[in-house]
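Student: Give me the fold of what follows.
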Amino acid sequence: MIDNTRRLLLPRGLPGFEQMREATLTPLGGPGVGEVYAELSDASGDPVRFLLADPAAFFAGYTFPLPEADQEALGLTDPAQARVWVVLTATEQGFLANLRGPVVENPATGRAVQVVLDDTFPLAAPVAG
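Tutor: As a prediction, the model looks like this:
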């Protein structure tokens, strides 16, 4: 069996979960579903799980300027090198994506930060699937 899990290093944690500095990404989806992962925090205490997805699978054209401070924190020389994830919330009507708070990763190092964008981006965009 192939282990497709990998680690994320979150030097600032996530807003509301600042003490959680590492995560394990475990693939859940497959072709046609997009790259959906469960993020399982391995910080002290009970684990917290998040669903992350590649926004390109659901939101064509979703882009935003990556602040210089975040580029520096991730060690990126070019923002195009970044991998972007959106946090999904499951509801009875389907999934909602937080497009205002993407998680941005430097795939070369596994370092990631959650970027907080302005209110032109929705907190809960319905995911078409």
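Student: Now do the helices in the protein.
Tutor: 68-74 (DSSP state H).
Student: Out of the helices and strands in it, which is least certain?
Tutor: Lowest by mean pLDDT, DSSP states H and E among the helices and strands of the chain is strand 36-41, with a mean of 60.
Student: Could you list the buried residues of the longest strand anywhere in the chain?
Tutor: Assignment by DSSP state E gives strand 94-106 as the longest strand of the chain. Across strand 94-106, burial judged by 16 or more other C-beta atoms under 10 Å covers Phe95, Leu96, Ala97, Asn98, Leu99, Arg100, Pro102, Val103, Val104, Glu105, Asn106. Yep, even glycine has a C-beta here, placed from its N, CA and C like the rest.
Student: how far away is the first one from Val115?
Tutor: In this case it means Phe95. In this view, Phe95 and Val115 are 20 Å apart by C-beta to C-beta, to the nearest Å.
Student: Okay, now the unreliable bits of this protein?
Tutor: The chain contains residues with pLDDT under 70 at 1-3, 29-46, 129.
Student: What residues sit buried inside stretch 111-128?
Tutor: So, applying 16+ other C-beta under 10 Å, buried residues of stretch 111-128: Arg111, Ala112, Val113, Gln114, Val115, Phe121, Ala125, Val127.
Student: Now that we have those residues, can you turn them into a markdown table and tack on distance to Asn4?
Tutor: As requested, the buried residues of stretch 111-128 are exported to a markdown table (distance: C-beta to C-beta, whole Å):
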| residue | distance to Asn4 |
| --- | --- |
| Arg111 | 20 |
| Ala112 | 17 |
| Val113 | 23 |
| Gln114 | 23 |
| Val115 | 25 |
| Phe121 | 29 |
| Ala125 | 27 |
| Val127 | 22 |
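Student: what's in contact with stretch 62-70?
Tutor: Outside stretch 62-70, the residues that touch it by C-beta atoms under 8 Å, 6 or more residues apart in numbering are 55-56, 76, 79, 82, 84, 86, 99, 102, 104, 113, 115, 117, 121.
Student: what's the first-to-last distance across it?
Tutor: End-to-end distance for stretch 62-70, by C-alpha to C-alpha, to the nearest Å: 18 Å.
Student: With stretch 50-59 instead?
Tutor: 19 Å.
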